[in-house]
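>>> could you look at this predicted model? Sequence included:
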Number of protein chains: 4
Amino acid sequence: MSDEPLAADEILDGVYRALCAHGYASLTMQDIADECDKSKSLLHYHYDTKEDLLVAFLSRMITDYEEQLEDEVDDSPVDRLALFLAQFVFTPDEEERQSFHLALLEMRSQGPFNERMREQLVRSDEVLRETVADILRDGIDEGVFDAVDPEQTAALLVATLDGGRTRQVTLNENPTDVSYTRAVVEQAMTHIVEPLLASDVELPPLDETLAKLSAVDSDADVDDVDEPPHSSAQES
Amino acid sequence: MSDEPLAADEILDGVYRALCAHGYASLTMQDIADECDKSKSLLHYHYDTKEDLLVAFLSRMITDYEEQLEDEVDDSPVDRLALFLAQFVFTPDEEERQSFHLALLEMRSQGPFNERMREQLVRSDEVLRETVADILRDGIDEGVFDAVDPEQTAALLVATLDGGRTRQVTLNENPTDVSYTRAVVEQAMTHIVEPLLASDVELPPLDETLAKLSAVDSDADVDDVDEPPHSSAQES
Amino acid sequence: MSDEPLAADEILDGVYRALCAHGYASLTMQDIADECDKSKSLLHYHYDTKEDLLVAFLSRMITDYEEQLEDEVDDSPVDRLALFLAQFVFTPDEEERQSFHLALLEMRSQGPFNERMREQLVRSDEVLRETVADILRDGIDEGVFDAVDPEQTAALLVATLDGGRTRQVTLNENPTDVSYTRAVVEQAMTHIVEPLLASDVELPPLDETLAKLSAVDSDADVDDVDEPPHSSAQES
Amino acid sequence: MSDEPLAADEILDGVYRALCAHGYASLTMQDIADECDKSKSLLHYHYDTKEDLLVAFLSRMITDYEEQLEDEVDDSPVDRLALFLAQFVFTPDEEERQSFHLALLEMRSQGPFNERMREQLVRSDEVLRETVADILRDGIDEGVFDAVDPEQTAALLVATLDGGRTRQVTLNENPTDVSYTRAVVEQAMTHIVEPLLASDVELPPLDETLAKLSAVDSDADVDDVDEPPHSSAQES
DNA sequence: AATGAATGAGTTTTCATTCAT
DNA sequence: CATGAATGAAAACTCATTCAT
């Protein structure tokens, strides 16, 4: 019955918005407090230190992503792979997601200096690569992919997509320009994925998958005007 | 003939070492001053603001890299490509290298917040992609590569290598472990580069190119004990 | 009839334990709440402010001490004086005692800044000096002490004992070491008390009185495992 | 020739004044900064932490006291002892010194919680007791004192005087009232010191020594209106 | 060219207190 | 009675920058 969102969660939502607005490097507790309309002291009431808060944020993000993945297990390997590729492409209206991935990139670069953060980042990396490896394994079993090494190929794909996205978010001054990532994803489809497919299998075109993606999003997002549905998370 | 290095340059060297030691996020003017044995005030004498100093550092780094590239124009396209792949991710002094790329990654994530930094980063990206595109164009002209789109393929390769390196430096707690990058580079050779080669052409194995690389470095490094020769730079 | 201790009293017990554990300077309401397993809010329900709570604590402590004194009026002046000397500085549970006196010393030093606290401290000082003066008066009347000025001599004795204890608790890193105090008490007996005695009167040796003290305590302490019986209080 | 006082010293002077004005428990870096007309940041420039600053303050205080002692070595043991006793008595115009001793008492009660502070306090205690013990030893050698145990007797005297002062500063609401300490000192002279003297030796009356003390002070204090001459320090 | 001293604006964190339930 | 949640004011400390020399 309790409609009111829990403060601890609202704070994490504030972290998301504050990261988008200010980036990680210049993120202050005050920024977060402002974004969730709470007092700084309350942040410390729920999370002892700033680090605790950020670790909790990363952790929720990854868990949300894992939960989202479970919804997709019924699709065919080819569709799941297409979906995975498409998720890396920002659509022009996703300005916010670009800011977010930028902030995430900043946090990632803190990993080596912070044990607890690195733990989360490594976990995130494993989720990501394992997702692709699972898809590949399923596809190989079903005979729709050639018998490549699933782990190695997954590493290649994740590196490529992540590299494309990284360059997109770091280099672009116009946050609605998505050409860099899109080009990389399309090249990855042509040079890496398509040569893997069995002769009678076809990868759906990127635009088609993107269209499907935004349809799903509109469904889900009915009342999430400003807020990520604990889900825009996908990472590292 | 004046042997004594210019203070302005010694300061930039200090930036390099301070970035390796502390990362970008927690880099203070004092850190840099300590690394180059100068006073904070002197840094401000030569560079008005911290931002000026970091922009100058990025700029010198890219210029150094460009100069280094000019030494390689005489090699064959295949060798140059092999060299590029190898160089991107390995150097004889791995540990320092990784911390440096980590710091660079942090700076890259500041690009969107800082016009002048982004300028340098974009320039660096162009140098990088243009280098690969040039190699590809030369190779296509000479008939050793298939007639792919040089720009697009260059973007794919750069994204892949950069993505691999990024994941390596952000996820690894052991800074001398390069297995992640190596796997990605090898996969990139197999899945992306080799399918491009004319039927009678062979890409030299990674190890061979690496061996060549360290031979060259030993030659050059005679008196570079502690200091980057204004050159370890290469980026973004 | 009602066995359950009153919350207001349990809170004061918490103050005692929290003072021993943390000292006065860094004593927080949370510390006290933790020690009595109540919420901070409850402390404020029973005592409006932190100051109120501490004043109440001091007040109860002194009252408890006064009550304890009444038990001793039947003894001879010499015995009562010996007891006073011994009691002032030693108790069976030394370690707890020292931390408590330390905390008390901190509170005492707040007196000049806090009217209400000073009131209690002054009252405590009067109780203490009056106790000794009474003993001296009784002894002079009975002819066992020389005819000194009871008030002045009481002031001297109290200052000496308090000074010894203060130096003990502030200087010693080992809280069970009482050698400093013992030395001072013995010197006080030799130099101050003994010259006061009529020629046929003898002060019982310190060890003997101490033995008596611990015997009494063991009797009383049957069910006081963890808690001060509202009584360890005695002070300055 | 440099007339201007060193900032580091001015800051320590500020600590003295701030301690007098605010006490130790509520002493903030801002209070100290205000008292010495410097910025908080400058305090941190010269002393890394608040603790460092306070330790430095204690340390200078003790050193100053030791230096002052050296001026007195030529006096006779009886005079030196009289002087020592008198120094514990505040004269009515020494309101400031009372506040200071109060603050010092607060710091002393922090000893057990702070290793570095305790070090200074122990050193101070040793200086104080050794001073008296030295006087006693000299006097015994010269035959003006009875052959008491110098260390033990010194401990008794220091405890008594310190206890008197402690009670004075903690209990008195009127900071110009010095009756408590004065009474204790006089009692100590009568009951403890005088019985020690050889039959032909006399202790100069307290008032006389006090008069001598203030004469010396007026000499020295010519231009120290508001400032302790790095010397009001004397302590345990 | 070079430095030590100094500062203001800002950061995280602490804590007594209040409020709704 | 009792509590968890929430807050505002203030604390120590940091850091880029400036200034006098």
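Received the coordinates, thanks.
>>> mind telling me what element the residue in chain A that DNA strand F sits nearest to is part of?
Minimum separation of chain A from DNA strand F (CB to the nearest atom of the strand) falls at A:Ser41, amounting to 2.6 Å. Glycine gets a C-beta too; all of them are placed from N, C-alpha and C. According to DSSP states H and E, A:Ser41 maps onto helix A:40-46.
>>> and what of A:Asp177?
Applying DSSP H and E, one finds A:Asp177 in no helix or strand.
>>> identify the residues contacting it.
Residues in contact with A:Asp177 (CB atoms under 8 Å, 6 or more residues apart in numbering or on different chains) are A:Pro92.
>>> and the pLDDT at it?
With respect to pLDDT, A:Asp177 has a value of 74.
>>> next structured bit after the helix holding A:Ser41?
Toward the C-terminus from helix A:40-46 - assigned by DSSP H and E - lies helix A:50-70.
>>> model confidence over that following helix, on average?
Per-residue scores along helix A:50-70 average to 92.
>>> buried ones in whichever strand or helix holds A:Leu136?
If you go by DSSP H and E, A:Leu136 is part of helix A:115-142. Under the neighbour-count criterion of 16 or more other CB atoms under 10 Å in any protein chain shown, helix A:115-142 has A:117-118, A:120-125, A:127-129, A:131-140 buried.
>>> show me what it is packed against.
Judged by 3 or more CB pairs under 8 Å, 6 or more residues apart in numbering or on different chains; DSSP states H and E, the packing partners of helix A:115-142 are helix A:50-70, helix A:77-87, helix A:95-108, helix A:150-171, helix B:150-171.
>>> do that again at 7 Å, thanks
Packing partners of helix A:115-142 (3 or more CB pairs under 7 Å, 6 or more residues apart in numbering or on different chains; DSSP states H and E): helix A:50-70, helix A:77-87, helix A:150-171, helix B:150-171.
>>> same list (these) but as a markdown table, adding mean neighbour count and distance to DNA strand E.
Listed next are the helices and strands packed on helix A:115-142 as a markdown table, based on neighbours: other CB atoms under 10 Å in any protein chain shown; distance: least, CB to the nearest atom of the strand, whole Å:
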| stretch | mean neighbour count | distance to DNA strand E |
| --- | --- | --- |
| helix A:50-70 | 18 | 4 |
| helix A:77-87 | 21 | 31 |
| helix A:150-171 | 24 | 23 |
| helix B:150-171 | 24 | 22 |
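>>> so which of these gets nearest chain D?
helix A:50-70 (20.9 Å; CB to the nearest CB).
>>> specify the angle between that closest one and helix A:77-87 in degrees.
140 degrees (axes from the mean of the first three to the mean of the last three CA atoms, to 10 degrees).
>>> can I get helix A:50-70 as PDB, trimmed to CA atoms?
The C-alpha trace of helix A:50-70 is given here as PDB (Å, rounded to 0.1, in the frame of the first residue of the first chain):
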ATOM      1  CA  LYS A  50      29.900   9.700  -0.200                       C
ATOM      2  CA  GLU A  51      31.800   6.600  -1.200                       C
ATOM      3  CA  ASP A  52      29.200   4.300   0.300                       C
ATOM      4  CA  LEU A  53      26.500   6.200  -1.600                       C
ATOM      5  CA  LEU A  54      28.300   5.800  -4.900                       C
ATOM      6  CA  VAL A  55      29.000   2.200  -4.400                       C
ATOM      7  CA  ALA A  56      25.400   1.600  -3.500                       C
ATOM      8  CA  PHE A  57      24.400   3.500  -6.700                       C
ATOM      9  CA  LEU A  58      26.700   1.400  -8.900                       C
ATOM     10  CA  SER A  59      25.500  -1.800  -7.200                       C
ATOM     11  CA  ARG A  60      21.800  -1.000  -7.800                       C
ATOM     12  CA  MET A  61      22.500  -0.100 -11.400                       C
ATOM     13  CA  ILE A  62      24.100  -3.400 -12.200                       C
ATOM     14  CA  THR A  63      21.400  -5.400 -10.400                       C
ATOM     15  CA  ASP A  64      18.700  -3.500 -12.300                       C
ATOM     16  CA  TYR A  65      20.500  -4.400 -15.500                       C
ATOM     17  CA  GLU A  66      20.700  -8.000 -14.600                       C
ATOM     18  CA  GLU A  67      17.000  -8.100 -13.900                       C
ATOM     19  CA  GLN A  68      16.200  -6.500 -17.200                       C
ATOM     20  CA  LEU A  69      18.300  -9.200 -19.000                       C
ATOM     21  CA  GLU A  70      16.100 -11.900 -17.600                       C
END
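>>> right, I'll leave it there.
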